[in-house]
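Student: Mind looking at a prediction? Sequence and model below.
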Amino acid sequence: MASMNTVPPHSTPCLRAGMVGLGMIFEDTYRPLFEQLHAEGLYRRSFGPVEVALSAVASRTGARAERLRLAGRLPAFISCAGPSALSELLRHPVDVVCVATPDDRHFEGARQALLARKHVLIEKPSVLRLQELDDLLTLAREQGVLARVVYHKLADPDHKKLRTHVVDGVLRHVNNGYCSLLEPKQISGSQFAEWITGRNPATYVAVHYIKLIDFTFGPEWKLQRIHATGQRGLVGPSEGPTWDSVQLQIVYLHPDNREAAFDIHTSWVTPDNFPGYVEQEVQFRFDNGVWNAHQRRRGVEVTVEGKTPHELKITPNHHYNGTFLEPWNQRSQRGYGIEVLQRFFEEVAHVEFGGPPDRRADRLEEVRRLSYADLSADRNTVAIVQALEALLQKQRHGQSGGVVRVNDPRGGLVLDLPGVAEGEILYPHRV
Ligand SMILES: NC(=O)c1ccc[n+]([C@@H]2O[C@H](COP(=O)([O-])OP(=O)(O)OC[C@H]3O[C@@H](n4cnc5c(N)ncnc54)[C@H](O)[C@@H]3O)[C@@H](O)[C@H]2O)c1
């Protein structure tokens, strides 16, 4: 079979997507998905064949949209640029909006899209404060649409196996663990230079592991405390608001009153020629076992003169995302980073086309219950992000050593500083 392309019947239902942000993650995962969906469509028995089209994009300058158009692998789409790009995009008939802007701009993009009654998919972390999460959840309910977030590490086969062992009782009762994710300097120095001031690597990447821990070992346990500290001086001045590296500790309480603690270390100032490129390692310790995973030790190590470690990675993760020549001589790009996005479009297609219109609300609820991606299940992750950002902010102003307590009698998120009697309420309601 040379190609899977088939021409769908004229009446094939279509999902029109709007894309906000055309940066690195768009290029790595959304672009190949839209190309694939354009070529092959989407099919499941429950909803039949469905077309998915990238109809409109919004970005800061429009330059990447122009490059995308010139590449010619996607049919015509509308490109909106500048400060009102999103509102302009929303004037076009789209059914779905994917938000892949820098993390402190997710909320506004998602809010406007939900207000316009679009299904929304947000890149991790969904938002930075529980107050924002509450607003988006209320809007999604009022408008009868999905509000979901992408944490692709949940779809990594190794993490799926970890959760399978936990759910099946093979690995019992997690007690503690560590995770580390170190990004190269090139990320902070050039890729994100436009928006990095005031930001930190934990919000950007520790969330992968925060979510992994919360989703894999929860939901019966309760989040208790958050502590964070970090270093400055490389990306920006040592007294400034921009962080080089962050160490975060999160503590949960199991239903049997035993605590579990996890340390998550992140950085975006690792030398660019470090062989790990994005160096990732985890260890989780259980009552009856230990789970160790190391990105560089699970797969390929390759050196090519003049190409590694920059153009080609020394330890590539082909499971996340890779370009391949399939054994049947087709070129492809695939991996769990792309699969997880396709899954979202399948979920939307299921809601819209997966049965009679009068059962749409049931299908919407059915998808919302799939907590791996629903915004309603992102509360602990957002609480941890909100806490860590507040702790770093205090540290920047000379007040280090704070701790944020969760669902304390005083409030949902309460920041206590050494020597300060009154705690600061970051979020008043229950997390
Ligand atoms: N799933 C993952 O592992 C993963 C990996 C990288 C990034 N991300 C997430 O994706 C998001 C984007 O990251 P990136 O690496 O693509 O960043 P990037 O800096 O490469 O791209 C950001 C894009 O957003 C656009 N943009 C910025 N402000 C905008 C606005 N107000 N309106 C419209 N467009 C705007 C820019 O023009 C650019 O196209 C971040 O939230 C990040 O955490 C996820």
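Tutor: All right, it came through fine.
Student: Quick one: classify Gly236 as helix, strand or coil.
Tutor: coil (DSSP: H, G, I helix; E, B strand; the rest coil).
Student: and what of Arg285?
Tutor: Classification of Arg285 by three-state DSSP places it in strand.
Student: Also Val149?
Tutor: strand.
Student: How about it: what's its closest non-neighbour residue?
Tutor: Ser126 (4.1 Å; C-beta to C-beta, 6 or more residues apart in numbering). C-beta coordinates here come from the backbone N, C-alpha and C atoms, glycine included.
Student: Now for the residue nearest to the spatial centre of the chain: which residues touch it?
Tutor: What sits nearest the mean C-alpha location of the chain, by C-alpha atoms, centre = their mean, is Lys124, with 2.5 Å. By C-beta atoms under 8 Å, 6 or more residues apart in numbering, the contact set of Lys124 is 103, 149-151, 207-208, 211.
Student: In contact with the closest residue to the ligand within the stretch 201-350 of the chain: list those residues for me.
Tutor: Closest contact between the stretch 201-350 of the chain and the ligand, by C-beta to the nearest ligand atom, is at Tyr204 (5.3 Å). Residues near Tyr204 by C-beta under 8 Å, 6+ apart: 103, 183, 266, 268.
Student: Let's verify the closest residue to the second one other than its chain neighbours: helix, strand, or coil?
Tutor: In space, Glu183 comes closest to Trp268 once its chain neighbours are excluded; the distance is 4.0 Å by C-beta to C-beta, 6+ apart. The three-state label for Trp268, taken from three-state DSSP, comes out as strand.
Student: Count the neighbours of the closest residue to Val420 other than its chain neighbours for me.
Tutor: Closest residue to Val420 apart from its sequence neighbours, by C-beta to C-beta, 6+ apart: Gln399 at 7.6 Å. Number of residues near Gln399 (other C-beta atoms under 10 Å) recorded here: 15.
Student: Give me the distance between Gln399 and the ligand.
Tutor: Per C-beta to the nearest ligand atom, to the nearest Å, Gln399 is found 27 Å from the ligand.
Student: How is that residue assigned, secondary-structure-wise?
Tutor: Gln399 - assigned by three-state DSSP - is coil.
Student: and if you look at Glu346?
Tutor: Per three-state DSSP, Glu346 ends up helix.
Student: what does the model give it for pLDDT?
Tutor: pLDDT for Glu346: 98.
Student: what are the ranges of the strands in the stretch 51-200 of the chain?
Tutor: Applying DSSP state E, counting those that start in this stretch to the stretch 51-200 of the chain gives strands spanning 78-81, 96-99, 119-123, 147-150, 174-184.
Student: could those strands be laid out in a markdown table, adding distance to the ligand, mean pLDDT and mean neighbour count?
Tutor: Formatted as a markdown table, the strands of the stretch 51-200 of the chain follow (distance: least, C-beta to the nearest ligand atom, whole Å; pLDDT from 0 to 100; neighbours: other C-beta atoms under 10 Å):
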| stretch | distance to the ligand | mean pLDDT | mean neighbour count |
| --- | --- | --- | --- |
| strand 78-81 | 8 | 97 | 19 |
| strand 96-99 | 8 | 98 | 27 |
| strand 119-123 | 3 | 98 | 27 |
| strand 147-150 | 5 | 98 | 26 |
| strand 174-184 | 10 | 96 | 20 |
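Student: So in terms of bridging, what pairs with Ala17?
Tutor: Bridge pairing for Ala17 (DSSP bridges) gives the partners Leu54, Val96.
Student: Equivalent analysis for Val150, please.
Tutor: With beta bridges defined as DSSP bridges, Val150 has these partners: Glu123.
Student: Next one: it from Thr303, what distance?
Tutor: 32 Å (C-beta to C-beta, to the nearest Å).
Student: thinking again about what came up before, could you pull up phi and psi at the residue nearest to the centre of the chain?
Tutor: When read as degrees, to the nearest 10, the backbone of Lys124 gives phi -70, psi 150.
Student: what residues does the helix-or-strand element of the chain with minimal mean pLDDT touch?
Tutor: One helix or strand of the chain scores below all others by mean pLDDT, DSSP states H and E: helix 185-186, with a mean of 90. The contact list for helix 185-186, computed with C-beta under 8 Å, 6+ apart, reads 234, 268-272.
Student: from the residues you listed, which has minimum pLDDT?
Tutor: For these, the pLDDT minimum is Asp272, 88.
Student: So that residue sits against Thr308, correct?
Tutor: No. Using C-beta atoms under 8 Å, Asp272 is not in contact with Thr308, being 11.8 Å away.
Student: So which of those two has more stuff around it?
Tutor: Set Asp272 next to Thr308 and count neighbours by other C-beta under 10 Å: Thr308 wins out with 18 against 14.
Student: Need the nearest residue in space to that one, chain neighbours excluded.
Tutor: Using C-beta to C-beta, 6+ apart, the closest residue to Thr308 is Ile314 (5.0 Å).
Student: And the one you found, how close does it get to Pro357?
Tutor: Separation of Ile314 from Pro357 (C-beta to C-beta) stands at 52 Å.
Student: Show me which of those two is the more surrounded one.
Tutor: Between Ile314 and Pro357, counted using other C-beta under 10 Å, Ile314 has the larger neighbour count: 19 against 8.
Student: On the C-terminal side of the least confident helix or strand of the chain, identify the next helix or strand.
Tutor: Helices and strands here follow DSSP states H and E; after helix 185-186, the next one along the chain is helix 201.
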